[in-house]
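Visitor: What follows is a predicted protein model with its sequence.
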Amino acid sequence: MPFWTYMLHCADRSFYVGHTDALDQRIAQHDQGVASAHTATRLPVKLVWSQEFGTRAEALEAERKLKGWSRAKKLALIRGDWALISALAKKKQEK
């Protein structure tokens, strides 16, 4: 069974990152305002990124990493700009 890590863009311009084993169903729950307190008060939400993983542990690890990323790095991920993601990671390491 596949698992997904996903990122939503909320109406207040914030991002929500989560993981699930049923992506379409989970997005529908977010749209209905029943999936999380964060998204329930920031509707509508839009799926802007997702990636499939083989295990829940891998999806959860990816979720935890993404939650620690800056807004700029998340935007680069959404665009698929791996060069910028790498540059932003190097800047953080230099601090």
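Guide: Right, received. Where do you want to start? Remember, predicted model here, so these are calculated numbers, not experimental data.
Visitor: And the pLDDT for residue 92?
Guide: pLDDT, residue 92: 69.
Visitor: Please read the previous query as pertaining to residue 89.
Guide: For residue 89, pLDDT reads 88.
Visitor: Report all helices and strands that the helix or strand hosting it contacts.
Guide: Secondary structure assignment for residue 89, by DSSP states H and E: helix 82-94. Secondary structure elements in contact with helix 82-94, counted by 3 or more C-beta pairs under 8 Å, 6 or more residues apart in numbering; DSSP states H and E, are helix 71-79. Bear in mind the C-beta positions are built from the backbone N, C-alpha and C, glycine included.
Visitor: Now the helix it packs on: average pLDDT?
Guide: Helix 71-79 comes out at a mean pLDDT of 98.
Visitor: do stretch 21-34 as well
Guide: What stretch 21-34 shows for mean pLDDT is 97.
Visitor: could I get it in CSV with only the CA atoms?
Guide: Below are the C-alpha coordinates for stretch 21-34, written out as CSV (Å, rounded to 0.1, in the frame of the first residue of the first chain):
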residue,chain,number,x,y,z
ASP,A,21,-2.5,6.4,2.9
ALA,A,22,-5.5,7.7,1.0
LEU,A,23,-4.6,11.0,-0.7
ASP,A,24,-7.9,11.8,-2.5
GLN,A,25,-9.9,11.0,0.6
ARG,A,26,-7.7,13.0,2.9
ILE,A,27,-7.8,16.1,0.6
ALA,A,28,-11.6,15.8,0.5
GLN,A,29,-11.6,15.8,4.4
HIS,A,30,-9.5,18.9,4.4
ASP,A,31,-11.9,20.5,1.9
GLN,A,32,-14.8,19.7,4.2
GLY,A,33,-13.0,21.2,7.2
VAL,A,34,-12.8,18.0,9.2
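Visitor: just to revisit the earlier point, contacting residues around the helix holding residue 89?
Guide: With contact meaning C-beta atoms under 8 Å, 6 or more residues apart in numbering, helix 82-94 is reached by 70, 72, 73, 76, 77.
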